[in-house]
Every structure is written in C-alpha cells, then in structure tokens.
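Participant: okay, predicted coordinates and the sequence, questions at the end:
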Amino acid sequence: MIQLEVLELSHRHVNKRTGAITGAVAAVVAGVAILLPHANASTNTPQPPETFSSQSAALLAASLNADLGGKTAGWYLDAPARHLVVNVLSDDDARRVQSQGAIAKVVRNTMPALRDGVRTLSDTASIPGTAWSIDPKTNQIVVLADRTVTGTKMATLTRATDRLSGLVSVKRTSGEFTPNDSGGRRQGAAGGSSPAAGGTGGQTGGANATTGAIGGSAIFGGRAQCSLGFNVTVQGAPAFITAGHCGNESKTWAADQAGSQPLGTVADSRFPKTDFSLVKYDDPTTKPSSTVDLQNGSTQQITQAADAAVGMKVQRSGSRTGLKDGTVTGLDATVNYGNGDIVNGLIQTDVCAEPGDSGGPMFAGDAAVGLTSGGSGDCTQGGETFFQPVTAALAATGAVIGAGDAGDNAGAAGGDDANGNGASAGSGNATGGGDANGNDASAGSSAGSTAGAGDANGTDAGAGSGDVNGTDAGAGSGDANGTDAGAGSTTGATTGADGGDGQQ
C-alpha cells in the first residue's frame with residue numbers, strides 16, 4: 001500500500017513565480033513519494049506475523065536459513081498462535097525473517113556453538129540417567145538429570161556443564177529414564193498406574209489373520225508387552241513398526257499374551273543408538289488398517305509421515321495408558337538409559353507414558369510422527385517421553401506408511417494437522433528432515449508414501465520438513481495439490497548393537 005505524505009501549502013502570500021516554483025517542487029515531492037515506497041519495498045519490509053502449519057513452517061524456516069547463509073539458530077512454532085519463530089544473530093537478519101511473515105528473535109548462541117556443546121557433553125558427560133537436546137526457545141542445550149544422578153555422577157555432570165556456561169541449563173526430573181516396555185529385567189522400573197480402560201480394551205486390538213492390528217494395540221513377545229506403532233508396507237508386504245528395544249526382546253509378536261493370535265516376525269530391529277523395529281506380518285495377505293486406536297472406540301486414519309517441530313501439538317496412543325497428548329519440546333535428543341543403552345536423534349515431549357506403551361504411535365492429525373521409546377515419570381505425576389522419529393525408521397527400513405486398505409487411501413484428503421490446519425490432498429513423499437542441530441537430513445521417507453499435508457490453504461503439500469533450525473530439508477516441496485514431492489535423503493540409520501534379553 002502506497003502512503004503519501006500530504007503537504008499543506010499556504011497560498012495567501014504566494015506570488016505567481018513562487019507559486020509556479022512551489023507547484024513544481026510539490027510535483028517532484030509527490031513523484032518521489034510515489035516512487036520511494038516502491039524503491040524501498042524490498043523483501044526486508046516487515047510483515048505482520050502469519051499463521052503456519054507444521055509443514056509450511058518447516059519449509060519457510062529452511063528457506064530463510066538458506067537465504068541467510070545458514071546463520072539461523074533454530075526455530076519453533078509458537079502455539080497456540082501458530083506463529084513461526086526463527087532465531088537469528090543480527091537485526092538485519094531479523095528484518096529478513098520478519099519480511100516473510102515470521103517472528104524474529106535475536107539470540108546470543110550460534111548453532112555451531114550449540115553443536116560443539118552437544119559434542120562436549122557426549123565426550124565428558126555420558127552418564128546414565130541423563131538426556132539433552134538443543135532447545136530453540138531458550139537458545140540453550142537443556143540437560144535433564146533423573147533421580148539416579150547423584151553423588152559422583154552429579155559432580156561429573158556439574159563439572160562438564162560448568163565448562164559450557166551460557167550454553168547449557170540443567171534441570172532435574174523426579175523419575176528415572178527407562179524404555180517404556182513392560183516385562184523382562186526392567187519391568188515396572190517407571191512405576192505408574194494401572195492400564196487405562198481404553199488401553200486394556202485395545203490389548204487384542206481386534207487383531208485377526210485378515211486385518212492384523214492397529215496403532216496403539218498391545219503386542220506381546222516373550223515376557224515383554226509393547227504397543228504397535230504404525231502399519232506399513234515394505235517391498236509390497238504388510239508390516240508394522242514399533243520400538244527397537246521391543247524388537248530386541250522377542251523375534252515373534254502376537255496380539256495376546258498367550259500367543260494364540262500370532263501377528264508377525266521381526267525383520268529388522270535397531271537399538272541402541274536408534275530405537276525402531278520392523279515386524280512383517282506372518283500372513284502376506286493380511287490387510288491391516290492404517291489407523292491408530294484412540295482408545296475410546298474410535299480410530300484416527302494415518303495417511304502420511306511428518307517430521308516433528310518444537311511447539312507441535314501431538315497425541316500418543318499406548319496399550320498401557322491409552323490416549324495422551326502434549327507438545328514437542330526438543331529435537332535430536334540424546335538419552336542415556338543406562339547399561340550402555342544410549343539413543344540419539346529422538347523427539348523430546350512433555351507427553352506421559354508408562355511400561356507397555358513402548359513402540360506406540362505418536363501422531364499429529366493424520367500424520368505419523370514418532371514411536372514411543374522411553375522417558376521419566378508416569379501418567380499420574382507427569383514426566384518426559386522420548387520418541388523415535390518415524391521418518392528415519394521408514395527410510396532405514398524402506399517402508400512406507402499404510403498397509404492393506406491403507407494403500408487405497410493414498411491421495412485422499414488428509415486430516416487436520418497438529419495446529420488445526422486442514423491438510424490438502426495428494427500423494428508424494430512424506431518427508432525428509434535434518435536433525436535438530438542443523439546437520440544433513442538423516443532420513444527421508446521412501447518414495448511413494450502417502451499424502452504430505454499442507455496448510456489450511458492447501459499449500460506446501462507433500463513437503464519434507466527440515467530440521468529444527470530449518471536447515472537441510474530432506475524433501476523437495478510438493479505443489480499445492482501435494483503431488484510429486486521430491487524424496488529426502490535415504491541414509492540408513494546405523495545398526496545398533498543387539499541389546500539382547502532384557503534390553504527394553
């Protein structure tokens with residue numbers, strides 16, 4: 001919008017000569033007033049903050065980071081306003097961010113400095129019962145220490161963090177970091193409540209030889225109880241993904257504890273370092289539904305996979321505690337469960353979970369986001385729970401979201417995303433994504449996975465989101481209809497050492 005400054009001239013004492021000159025000057029001023037706004041209307045003109053879906057925010061954050069030469073220092077969604085907040089290092093960069101409808105926050109710590117801090121912690125503070133992630137909201141590395149970190153272990157942690165003054169904040173959590181399966185050596189380590197009514201109702205998940213089971217249903221292997229994550233297809237065969245520490249516990253899985261309703265056999269299990277496993281249905285004609293049990297008699301259709309973003313609203317379904325919700329609080333988290341079981345690249349949340357919920361699905365609307373790994377606390381007092389990113393698991397196993405009837409839903413309209421934006425239709429690659437520290441995308445999901453959700457206007461469908469700093473988005477964005485999203489990188493996750501019996 002062109003704004004003109006109107007100059008009021010007095011004509012009482014103006015002669016013809018002066019009036020002519022004044023008229024000419026006024027014409028020049030008017031012309032300049034018209035031209036200058038166009039001359040200054042560059043991409044750095046601040047704009048009112050816009051609202052974003054998780055996918056569209058990730059795309060813009062990645063674009064801004066590229067435009068600024070990789071000098072952003074993280075980003076997050078400011079819920080419930082759904083504003084994109086981008087950390088920058090200068091006022092000039094802030095104006096560039098604001099010109100694109102995002103909120104700029106000038107911060108002190110650079111991303112390289114934060115990454116170096118993470119590496120230092122890995123080298124000097126690898127202590128059981130600790131976890132850390134880069135928090136873009138505070139522009140610091142947030143270190144969590146559970147109740148087992150006392151005495152010598154706490155002194156070691158304090159020495160390590162004191163050397164990183166200004167980069168690190170340390171918080172205590174009242175529980176103990178453990179994987180969230182039920183059974184084996186670590187059964188009941190997290191304590192907690194009895195199974196929710198919805199959870200116990202889902203323990204068989206309506207499983208049968210034809211339909212398999214659905215996300216959030218109880219699955220049993222050996223002495224362990226876990227939860228099914230998401231139904232997938234791998235090389236044309238029906239399968240499901242769950243936690244890797246569950247897959248390490250038993251080779252075969254059933255829908256009941258007695259094993260009279262067999263489901264499938266583990267084809268790939270990775271824990272520690274990462275935490276996911278792929279279980280192929282024993283019956284290749286099984287057509288499981290690509291849905292999640294909402295533990296109230298209804299289900300949520302899952303049509304795509306998506307990367308998490310700090311501030312994203314998510315839900316989790318588990319056979320122990322039913323349906324819970326919360327917010328993503330950190331990305332690329334490292335958790336030390338003890339016994340040498342250290343897992344990297346996890347999604348940190350304030351969602352609760354308990355033993356038996358392991359492997360269960362975390363989702364945002366119709367998008368698969370994570371697999372329950374473990375955490376601290378319970379669903380009575382609360383706590384933190386960490387999730388394996390689904391996109392990395394899909395890329396490493398070559399699986400795609402949807403199995404059986406789910407394949408018929410590719411391209412169908414997606415549901416609302418975690419921020420309430422309607423997802424537009426269209427097939428395409430679900431995601432690619434970098435880690436929270438701005439490293440290259442560790443995994444983009446395999447080509448052919450279902451719809452990538454866009455924002456409320458149907459834009460940015462099928463886009464692969466970048467890391468928490470907006471860098472190195474793995475997937476090319478799709479068009480407004482979500483078609484032909486480019487594939488993200490397909491680097492497989494490193495195979496972790498076999499945890500053996502009791503690695504839960």
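Facilitator: Received it, and whenever you're ready, just let me know what you need.
Participant: which stretches of the chain have low pLDDT?
Facilitator: Low-confidence segments of the chain (pLDDT under 70): 1-44, 183-210, 403-504.
Participant: same thing but at 50, please
Facilitator: Applying pLDDT under 50 to the chain flags the ranges 1-42, 184-205, 405-504.
Participant: ok, residue 79 touching residue 311?
Facilitator: Yes - applying CB atoms under 8 Å as the test, residue 79 and residue 311 come out as touching, 5.1 Å apart. Where you see a C-beta, it was placed from the backbone N, CA and C, and this is true even at glycine.
Participant: neighbour count for the two, which is higher?
Facilitator: residue 311 (25 against 16; other CB atoms under 10 Å).
Participant: list the contacts of that one.
Facilitator: Contact analysis of residue 311 by CB atoms under 8 Å, 6 or more residues apart in numbering lists 76-79, 327-328.
Participant: assign it to helix, strand or coil.
Facilitator: coil (DSSP: H, G, I helix; E, B strand; the rest coil).
Participant: please name the nearest non-neighbouring residue to it.
Facilitator: Distances taken as CB to CB, 6 or more residues apart in numbering place residue 77 nearest to residue 311, at 3.3 Å, with adjacent residues excluded.
Participant: specify the beta-bridge partners of residue 231.
Facilitator: Beta-bridge partners recorded for residue 231 (DSSP bridges): residue 240.
Participant: give me the number of residues near it?
Facilitator: 32.
Participant: distance of it relative to residue 166?
Facilitator: 46 Å (CB to CB, to the nearest Å).
Participant: and residue 335, by the same measure?
Facilitator: Applying CB to CB to residue 335 and residue 166 gives a distance of 24 Å.
Participant: between the two, which one's more packed in?
Facilitator: Using other CB under 10 Å, the more surrounded residue of residue 335 and residue 166 is residue 335, with 29 against 11.
Participant: the stretch 251-400 of the chain: helices as residue ranges?
Facilitator: For the stretch 251-400 of the chain, the helices defined by DSSP state H, counting those that start in this stretch occupy 390-397.
Participant: mind checking the backbone torsions on the spatially closest residue to residue 352 that is not a sequence neighbour?
Facilitator: Among residues not flanking residue 352 along the chain, residue 379 sits closest, at 4.1 Å (CB to CB, 6+ apart). Dihedral pair for residue 379: phi -90, psi 10, per degrees, to the nearest 10.
Participant: next one: residue 214
Facilitator: Taking degrees, to the nearest 10 as the convention, residue 214 sits at phi -120, psi 170.
Participant: ok, now residue 58?
Facilitator: phi -60, psi -40.
Participant: surely it and residue 312 touch.
Facilitator: No - using CB under 8 Å, residue 58 is not in contact with residue 312, being 9.9 Å away.
Participant: who has more neighbours out of those two?
Facilitator: When neighbours are counted by other CB under 10 Å, residue 58 and residue 312 differ, and residue 58 comes out ahead with 33 against 29.
Participant: hmm, the residue nearest to residue 311 is touching residue 52, no?
Facilitator: Yes - between residue 77 and residue 52 there is a contact at 7.0 Å, judged by CB under 8 Å.
Participant: picking that back up, hey, what's in contact with both of residue 79 and residue 311?
Facilitator: Shared contacts of residue 79 and residue 311 (CB under 8 Å, 6+ apart): residue 327.
Participant: which strand runs longest in the protein?
Facilitator: strand 322-336 (DSSP state E).
Participant: circling back to that earlier point, of the contacts of residue 311, closest to residue 285?
Facilitator: residue 328 (37.3 Å; CB to CB).
Participant: that closest one pairs with what?
Facilitator: residue 349.
Participant: in this structure it contacts residue 309, no?
Facilitator: Yes - Residue 328 lies in contact with residue 309 (CB under 8 Å); the separation is 6.4 Å.
Participant: you'd agree residue 287 is up against residue 233?
Facilitator: No - counting by CB under 8 Å, residue 287 does not reach residue 233; the two are 10.4 Å apart.
Participant: of these two, give the one with the bigger neighbour count.
Facilitator: A count of neighbours by other CB under 10 Å puts residue 233 above the other of residue 287 and residue 233, at 22 against 17.
Participant: element containing that one?
Facilitator: Following DSSP states H and E, one finds residue 233 within strand 230-234.
Participant: convert the C-alpha atoms of that strand to PDB, please.
Facilitator: Extracted C-alpha coordinates of strand 230-234, given in PDB (Å, rounded to 0.1, in the frame of the first residue of the first chain):
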ATOM      1  CA  PHE A 230       2.100 -47.800  12.600                       C
ATOM      2  CA  ASN A 231       1.100 -50.300   9.900                       C
ATOM      3  CA  VAL A 232       3.400 -50.000   6.800                       C
ATOM      4  CA  THR A 233       4.200 -51.700   3.600                       C
ATOM      5  CA  VAL A 234       7.700 -52.800   2.700                       C
END
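Participant: higher neighbour count, residue 328 and residue 309?
Facilitator: For residue 328 versus residue 309, the count of surrounding residues by other CB under 10 Å is larger for residue 309: 32 against 28.
Participant: I'd say that one and residue 76 touch.
Facilitator: Yes - Residue 309 lies in contact with residue 76 (CB under 8 Å); the separation is 6.8 Å.
Participant: chain neighbours aside, what residue packs nearest to residue 127?
Facilitator: residue 153 (5.1 Å).
Participant: and that neighbour, how far from residue 333?
Facilitator: From residue 153 to residue 333 the distance is 19 Å (CB to CB).
Participant: who has more neighbours, the two?
Facilitator: residue 333 (26 against 16).
Participant: quickly list what that one is bridged to.
Facilitator: For residue 333, the beta-bridge partners under DSSP bridges are residue 346.
Participant: neighbours around residue 165, how many?
Facilitator: 7.
Participant: got it, and residue 379?
Facilitator: 21.
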